[in-house]
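> need a 3D model of the sequence below.
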Amino acid sequence: MDNITTIAQMLSTHVQQALPSDYGLADIEQVTRRLLQEVGRQTVAAVVNAEEGRYPEAAWPCPHCGSTMSYIRQRTAQLRTLLGRLEVRRAYYLCSACHAGCYPLDRRLGLRPNAISAEVERLAAMTGVQLPFEKGRDLFESLTLVSLSDQTVDKATQTYGARVVGQEAAWRAVAYDQAALQQRKRTERHPLRLYGAIDATKVHTHGQDDHPWRDLKVGAWFEARGRPPKQPDGQWRIQAENIHYYADICSATEFGHLLWTTGVQHHAQLARELVILGDGADWIWRLVDEHFPHAVQILDWFHASEYLMPVAKAALATPVVQQQWLQQAKQALWDGDLDAVIDACLDLVRIEDSSDPAFVAARYFDQNRSRMDYPAYRQQGYQIGSGTIESAAKQIGLLRMKVAGAIWNVKSARLVAKARAAYLSHRWPELAAYHPLPLVT
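Numbers count the residues shown, from 1 in each chain. From the prediction side, this is the model:
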């Protein structure tokens, strides 16, 4: 501690000398930050260079073929770290058997010559999943004093998205391995009740002139506490916990594999009660029937009730009458009296047209009868409103992928969406440590 105090006193002298004549606290903070960054840069360079012995080993095991590599010479490299650019020396070895080269120090410390460090990449990607790359670049520099291009922020974010792809591939291998599934059945926990939810939103993409908007499919696995209110307009107290999001831009069939893969990862196939919520989209329920046929299927309450308002507005003259009809219809829906709801809608059909809101609502309710037994679901204490997945579609799709002016190529959109889903699932430290392949220079 005495050493720290001495260093602080020395630094304070330098800060005072660098301050303008008319300074305030902000000036002191800014000058100190830049001084500390330079001190840190030199410190990191000294520590890294000290890791390389003065007299390198004459030989080193080849990480490629296992033969012996011979020392050739020391080479310098430029590193871009969180504390700035620095130059380090590393011993270079060459294998006479496979002719591959290697820098042991790079492998041991994870050095990335002429590229951003792993820590800069982690923070840049964390910025990129939350902000458009240009804005993220500016914020990153303001917070860290490290200048990056928006392309670098983009690349870092996609790198983390690619790590998610790698993880999902590893999970998929297990999910479709019958021996591994049997082992999990014997040894892993069986959740008492697990929820799943599926939705989709739109992303504007390049290269699809006839269909520029692509479906970004989003899913979640989670647990929940609390019960629905006693009345439809009551206070909802259900809280989702341990939420894991996943996302992709792909066909429904491929997303079904992701549904199964992530489900197995979260023990969905072992759950004593598996409850899956969604809207009325046919593709959602086809996937649930295929991959989790034992699941309780619930049509999201909020999706269902939203079909009533357009009916009232289109067919009834005044706001008072509209509100009265809406309250009655919503109460009938809450009580599970679907015939009454459907009849109330059909009574308001104005024209024989499949686009009439009343006809659309009646058909929607009739097609989803088996998923709308809300009294029974509430009796079981099930969550009947998928606010969790609605939030995910908003957090991933609207707040990041649909920012003003954003037009994505499909690959970039897919990887950024996957990275953001992982970030919202609190998996960032896990991804930072994830390396699907050994680090080889």
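> what is the neighbour count of Val88?
For Val88, the count of nearby residues is 22 (other Cβ atoms under 10 Å). Every residue, glycine included, has its C-beta placed from N, CA and C.
> OK, contacts around Leu111?
Contact analysis of Leu111 by Cβ atoms under 8 Å, 6 or more residues apart in numbering lists 48, 77, 79, 88, 90, 103, 105, 117.
> ok so the fourth one is a strand residue?
Yes: residue assignment for Val88, taken from DSSP: H, G, I helix; E, B strand; the rest coil, places it within a strand.
> surely Leu148 is in contact with Ile116?
Yes: taking Cβ atoms under 8 Å as the definition, Leu148 is a contact partner of Ile116 at 7.3 Å.
> who touches both of the two?
Residues touching both Leu148 and Ile116 (Cβ under 8 Å, 6+ apart) are Ala124.
> now render the contacts of Leu111 as JSON lines, adding secondary structure.
Supplementary listing: the contacts of Leu111 in JSON lines, determined by three-state DSSP:
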{"residue": "Val48", "secondary structure": "helix"}
{"residue": "Ala77", "secondary structure": "strand"}
{"residue": "Leu79", "secondary structure": "strand"}
{"residue": "Val88", "secondary structure": "strand"}
{"residue": "Arg90", "secondary structure": "strand"}
{"residue": "Tyr103", "secondary structure": "coil"}
{"residue": "Leu105", "secondary structure": "helix"}
{"residue": "Ser117", "secondary structure": "coil"}
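> return a ChimeraX selection command for the buried portion of these.
Applying 16 or more other Cβ atoms under 10 Å to those, the buried members can be selected in ChimeraX as follows:
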select :48,77,79,88,90,103,105,117
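> neighbour-wise, which of Leu148 and Ile116 wins?
Using other Cβ under 10 Å, the more surrounded residue of Leu148 and Ile116 is Leu148, with 25 against 22.
> distance of the more buried one from Glu121?
From Leu148 across to Glu121, the span is 10 Å (Cβ to Cβ, to the nearest Å).
> for His211, same thing?
Taking Cβ to Cβ, one finds His211 at 34 Å from Glu121.
> which regions of the stretch 101-250 of the chain sit below the pLDDT cut-off?
207-210, 238 (pLDDT under 70).
> now do the contacts for the residue positioned nearest the centre of the chain.
Residue closest to the average C-alpha location in the chain (Cα atoms, centre = their mean): Ala421, at 1.3 Å. Applying Cβ under 8 Å, 6+ apart, one finds that Ala421 lies in contact with 164, 218, 245-247, 392, 396.
> quick one: buried ones out of those residues?
For the contacts of Ala421, buried by 16+ other Cβ under 10 Å: 164, 218, 245-247, 392, 396.
> which ones among these map onto strands?
218, 245-247 (DSSP state E).
> so His211 and Glu121 - more neighbours on which side?
Glu121 (22 against 8).
> host element of that one?
Using DSSP states H and E, the element containing Glu121 is helix 118-128.
> could I have that helix exported to CSV, CA atoms only?
Only the C-alpha atoms of helix 118-128 are listed here, as CSV (Å, rounded to 0.1, in the frame of the first residue of the first chain):
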residue,chain,number,x,y,z
ALA,A,118,-9.4,-10.4,-26.6
GLU,A,119,-10.4,-7.8,-24.0
VAL,A,120,-10.9,-5.1,-26.5
GLU,A,121,-12.9,-7.5,-28.6
ARG,A,122,-15.1,-8.5,-25.7
LEU,A,123,-15.9,-4.9,-24.9
ALA,A,124,-16.3,-3.9,-28.5
ALA,A,125,-18.7,-6.7,-29.1
MET,A,126,-20.6,-5.8,-26.0
THR,A,127,-21.0,-2.4,-27.4
GLY,A,128,-22.0,-3.7,-30.8
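> against which helices or strands is the helix or strand following that helix packed?
With elements assigned by DSSP H and E, the helix or strand that comes after helix 118-128 is helix 133-144. Where contact means 3 or more Cβ pairs under 8 Å, 6 or more residues apart in numbering; DSSP states H and E, helix 133-144 is packed against helix 118-128, helix 150-175.
> need these in JSON lines (columns: distance to His204).
Putting the helices and strands packed on helix 133-144 into JSON lines (distance: least, Cβ to Cβ, whole Å) gives the following:
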{"stretch": "helix 118-128", "distance to His204": "18"}
{"stretch": "helix 150-175", "distance to His204": "16"}
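> among these, show me which one is buried the most.
helix 118-128 (a mean of 22; mean count of other Cβ atoms under 10 Å).
> okay, the residue nearest to Leu145 when sequence neighbours are not counted and Pro113: tell me how far apart.
Leaving aside its sequence neighbours, Leu145 sits nearest to Gln37 (Cβ to Cβ, 6 or more residues apart in numbering; 5.5 Å). Gln37 is 21 Å from Pro113, where distance means Cβ to Cβ.
> with distance to Ser305 as extra columns, can I get the ones in strands among the buried ones among the contacts of Ala421 in a markdown table?
Shown next, in a markdown table, are these (distance: Cβ to Cβ, whole Å):
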| residue | distance to Ser305 |
| --- | --- |
| Val218 | 21 |
| Tyr245 | 24 |
| Tyr246 | 27 |
| Ala247 | 26 |
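> ok, those residues vs Tyr195, which is closest?
Tyr245 (12.8 Å; Cβ to Cβ).
> quick check: which element contains the nearest residue to that closest one once chain neighbours are set aside?
Distances taken as Cβ to Cβ, 6+ apart place Ala421 nearest to Tyr245, at 4.1 Å, with adjacent residues excluded. Using DSSP H and E, Ala421 sits within helix 410-424.
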